[in-house]
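Q: Any chance you could fold what I've pasted below:
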Amino acid sequence: MKIFAYGIRQDEQAALREWESNHPEVEVDFTDKLLDPETAQLAKGADAVDVYQQLSYTPETLTALHELGINKMSLRNVGTDNIDFDTARRFDFSISNVAVYSPNAIAEHAAIQGARVLRQTKPLDNKIANHDLRWAPTIGREVRMQTFGIIGTGHIGRVLIDILKGFGAKIVAYDVYRNPELEAEGIYVDTLDELYAQADVISLHVPSLPENYHMINAESIAKMKDDVVLINVSRGDLMDIDAIVDGLDSGKIFGLAMDVYEKEVGLFNSDWSDKEFPDAKIADLIARENVLVTPHTAFYTTKAVYEMVTQSMNASLAFIKGEETPNEVKY
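A: Residues are numbered from 1 along each chain as shown. Next comes the predicted model:
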């Protein structure tokens, strides 16, 4: 049995080698290159491939794997919106993802960044770095005094709610699929409009689906409270970035913490320090004192990386053996 892994970063290699040592019956090989029609040839002789990338799994890429006799693909991440499922279905691909690797990693990031915006740590840090030790005007807002609107109460949303309860914050939530325990607590509202009207801070935890595209837009922002704080650690296309900028410019939006961007492919996880920065909108947002931009690193912890590698490799092995795996994507 052989599994070939693509896009393996240096920080993933220890987990991959540990998995390999625990499964001596499986031959493991890998590359740091992403999977595309050309690099598919590197997997020749493999029974399954293990992948993680924002690059699309195009019909051409899946066809290249099919021609090598490979129809088992395990993703080390959650999102499957970059897979051409029509082609995958035609070639009878078995596909898995890692739906739950560390909800805490992402929820903690949302809580930390949200608290930083509320306490104005970015402008305060900049003042201190310039030896300006005056207090005013960078006065903060206490987390416990805010109403947090959580849109999406899946694994990550629920962990964030628990964290915010520790601060003493009030919670309101919205989800099409309600969690029975949370519903018993009475935190759900019936509409997004109700959440927008009540929340001082809004955090997004929903998937990239057509019905969620640009859910944060000029119309929805107009329904929010003045001085609202927005947090997006989910998917970039949930926000209309132009509407966000307008809201920041007008003062309607007090601050923004964003870990994802609709046009992040080719931009995030690259070093632009010694070359021209290619995206004026993100450059503008990075420069703002009330905006915190991170390059899709909310998930990026040692625990999460270990789980992403281990669970995906376990799923590949299960596919090869013809066994069921809870990580299988039904499509």
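
Q: At the geometric centre of the chain, which residue sits there?
A: The residue lying closest to the centre of the chain (CA atoms, centre = their mean) is residue 234, at 4.3 Å.

Q: these two touch, right, it and residue 202?
A: No: using CB atoms under 8 Å, residue 234 is not in contact with residue 202; the gap is 11.8 Å. Where you see a C-beta, it was placed from the backbone N, CA and C, and this is true even at glycine.

Q: Where do the helices of this protein begin and end?
A: Shown for the chain, the helices assigned by DSSP state H span residues 10-22, 59-67, 85-90, 103-118, 121-129, 155-167, 180-185, 192-198, 218-222, 241-250, 280-287, 302-321.

Q: can you list these in a markdown table and add mean pLDDT?
A: Putting the helices of the chain into a markdown table (pLDDT from 0 to 100) gives the following:
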| stretch | mean pLDDT |
| --- | --- |
| helix 10-22 | 98 |
| helix 59-67 | 98 |
| helix 85-90 | 97 |
| helix 103-118 | 97 |
| helix 121-129 | 98 |
| helix 155-167 | 97 |
| helix 180-185 | 97 |
| helix 192-198 | 98 |
| helix 218-222 | 98 |
| helix 241-250 | 98 |
| helix 280-287 | 97 |
| helix 302-321 | 97 |
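
Q: just so I know, which of those helices lies nearest residue 328?
A: Of all the helices of the chain, it is helix 302-321 that lies closest to residue 328, at 7.1 Å by CB to CB.

Q: Pull the residues that contact the closest one.
A: The contact list for helix 302-321, computed with CB atoms under 8 Å, 6 or more residues apart in numbering, reads 1, 3, 5, 11-12, 15-16, 18-19, 23, 26, 28, 47-50, 52, 72, 74-77, 94, 96-98, 101-102, 104-105, 324-325, 327-328.

Q: Relative to residue 143, how far out is residue 137?
A: 20 Å (CB to CB, to the nearest Å).

Q: If any of the contacts of helix 302-321 are buried, put those into a ChimeraX selection.
A: To isolate the buried subset of the contacts of helix 302-321 in ChimeraX, counting by 16 or more other CB atoms under 10 Å, use the following:
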select :3,5,12,15,16,19,26,28,47,48,49,50,52,72,74,75,76,77,94,96,97,98,101,102,104,105,325,327
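
Q: Of the contacts of helix 302-321, which belong to strands?
A: 3, 5, 28, 48-50, 72, 74-75, 94, 96 (DSSP state E).

Q: Among those residues, which one lies nearest to residue 126?
A: Nearest to residue 126 among these, with distances taken as CB to CB, is residue 75, at 39.0 Å.

Q: Show me what that closest one is bridged to.
A: residue 51 (DSSP bridges).

Q: Serialize the helices of the chain to CSV and add fields for distance to residue 230.
A: As requested, the helices of the chain are exported to CSV (distance: least, CB to CB, whole Å):
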stretch, distance to residue 230
helix 10-22, 29
helix 59-67, 35
helix 85-90, 31
helix 103-118, 9
helix 121-129, 15
helix 155-167, 14
helix 180-185, 22
helix 192-198, 11
helix 218-222, 9
helix 241-250, 7
helix 280-287, 12
helix 302-321, 23
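
Q: of all those, which lies closest to residue 34?
A: helix 59-67 (9.6 Å).

Q: tell me what that closest one is packed against?
A: helix 85-90 (3 or more CB pairs under 8 Å, 6 or more residues apart in numbering; DSSP states H and E).
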